[in-house]
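Student: Pasting the sequence and the predicted coordinates here, then a few questions.
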Amino acid sequence: QVQLVESGGDLAQPGGSLTISCAASGFMLDDHVVGWIRQAPGAEREGVACISSGASPYYSDSVLGRFTISRDFAKNTVYLQMENLKPEDTGVYYCTANVGGHSRWCRTPALFDYWGQGTQVTVSS
């Protein structure tokens, strides 16, 4: 059974940093596309960062240069390192995955079959 469990969401200051994690079980990361989808209040879901084997990571324009997605295959865990946080980064961050796939699937969150429960990130002074 596929499970994705996010952790690490917190309140952060503008300009600050935060790393959130997604522990995956029931499948191996190296043959799946995995990513982070953000749901901000009153906004549509936005794929902010996705990664798949053999392809460059995808980052949305809103986070490019500030966020980094990475995978630890030994721990079967995906991370999203967020730097220079802005208030508009506030939202629920969902970890997503799908068999096969490509990092560019981030542009279309509906393509993902597996979702975690989400972790809240709030950027505010």
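Tutor: Received the coordinates, thanks. Treat the numbers as computed from the prediction; the structure is a model and nothing was measured.
Student: so the residue at minimal distance from the centre of the chain is in which element?
Tutor: Nearest to the mean C-alpha position of the chain, counting by C-alpha atoms, centre = their mean, stands W36 at 1.9 Å. Taking DSSP states H and E as the criterion, the element that holds W36 is strand 32-39.
Student: Could you list the residues in contact with that strand?
Tutor: In this structure, residues lying in contact with strand 32-39 by C-beta atoms under 8 Å, 6 or more residues apart in numbering are 20, 22, 24, 45-52, 58, 69, 71, 78, 80, 89, 91-103, 105-106, 109, 112, 115, 118. Every residue, glycine included, has its C-beta placed from N, CA and C.
Student: any idea how far it is from the chain center?
Tutor: Strand 32-39 sits 4 Å away from the centroid of its parent chain (C-alpha atoms, centre = their mean, to the nearest Å).
Student: Please state the offset of the following helix or strand past that strand from the chain centre?
Tutor: Stepping forward along the backbone from strand 32-39, the first helix or strand reached (DSSP H and E) is strand 46-51. Mean C-alpha position of strand 46-51 versus that of the full chain (C-alpha atoms, centre = their mean) differs by 6 Å.
Student: what's the helix or strand following strand 46-51 packed up against?
Tutor: Scanning the chain past strand 46-51 towards its C-terminal end, the next helix or strand to appear is strand 58-59 (assignment: DSSP H and E). Under the contact criterion of 3 or more C-beta pairs under 8 Å, 6 or more residues apart in numbering; DSSP states H and E, strand 58-59 touches strand 46-51.
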